[in-house]
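*Asks:* sequence first, then the predicted structure, then my questions.
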Amino acid sequence: MTIALIDYGAGNLHSVHNALRKAGAQDVAITADADLVARADRIVLPGVGAFRACRDALVAIPGMVEAMSEAVNQRGTPFLGVCVGMQLLADAGEEFGRHDGLGWIPGTVRLVERADPAIKIPHMGWNDVTLTGAAGLLEPGEAYFLHSYHFEAADPAHVAAVTDHGGPLVAAVARDTIIGCQFHPEKSQRYGLSFLARFLDWRP
């Protein structure tokens with residue numbers, strides 16, 4: 001089974017690669033080759049940084065978005081988006097202006113608002129993951145978060161888990177063969193490796 005870990009200059013690639021291997025993956029290809037992504041058995045899109053910069057870097061790879069969309073939305077290849085890789089699933093992001101996302105899961109990525117000035121932004125560190133949906137890949141527990149923007153899903157049915165940071169924030173979204181997590185599984189120790197192992201075994 002080939003796992004395509006997309007290299008678009010915007011992800012914590014080596015940490016994610018190592019975590020996938022520790023979770024049981026045998027063949028993880030760090031790649032910017034759209035043809036390899038199109039043929040992969042699993043696709044992972046990491047992401048660190050600003051929404052627009054990540055979106056622009058992904059779109060700049062010839063044929064990559066088309067290969068991803070055909071594999072995931074037409075053939076049902078299981079897909080995992082991590083942090084900004086999850087946020088790019090939205091219709092748009094509002095970091096440094098409004099910018100289009102992939103539009104795979106309806107919603108908008110907005111700045112985390114705080115009613116209490118004691119709440120720190122970015123949301124950084126370990127926090128609970130509470131399930132709200134029936135996505136079988138997730139379990140309750142604690143995961144590591146690092147973000148200032150959050151995914152506001154248009155349809156609550158697409159919210160698979162939430163965390164609390166001065167109020168509920170989306171921790172994971174899911175639809176069909178797509179799952180995205182705001183937390184970093186590669187930094188979430190046993191919880192993260194368990195989640196990745198279930199993704200590798202997923203037969204949606």
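*Replies:* Ah, there it is.

*Asks:* give the contact list for residue 89.
*Replies:* By C-beta atoms under 8 Å, 6 or more residues apart in numbering, the residues touching residue 89 are 81, 101-102, 104-105, 107, 151, 173, 178, 180. (Glycine included, C-beta is placed from N, CA and C.)

*Asks:* how close does residue 150 get to residue 28?
*Replies:* Per C-beta to C-beta, to the nearest Å, residue 150 is found 28 Å from residue 28.

*Asks:* hey, what's residue 99 bridged with?
*Replies:* As for beta bridges, residue 99 partners with residue 93 under DSSP bridges.

*Asks:* what's the distance between it and residue 141?
*Replies:* Distance from residue 99 to residue 141, by C-beta to C-beta: 32 Å.

*Asks:* ditto for residue 192
*Replies:* 9 Å.

*Asks:* same drill for those two, tell me which one is more crowded.
*Replies:* residue 192 (24 against 18; other C-beta atoms under 10 Å).

*Asks:* contacting residues for that one?
*Replies:* 19, 143-144, 183-186.

*Asks:* where in the protein is pLDDT low?
*Replies:* 134-135 (pLDDT under 70).

*Asks:* could you pull out the helices in it for me?
*Replies:* With DSSP state H as the criterion, the chain has helices at 13-22, 34-39, 51-59, 64-69, 84-87, 189-201.

*Asks:* point out the most buried one among those.
*Replies:* Ranked by mean neighbour count under mean count of other C-beta atoms under 10 Å, these are led by helix 84-87, which reaches a mean of 26.

*Asks:* thanks a lot, catch you later.
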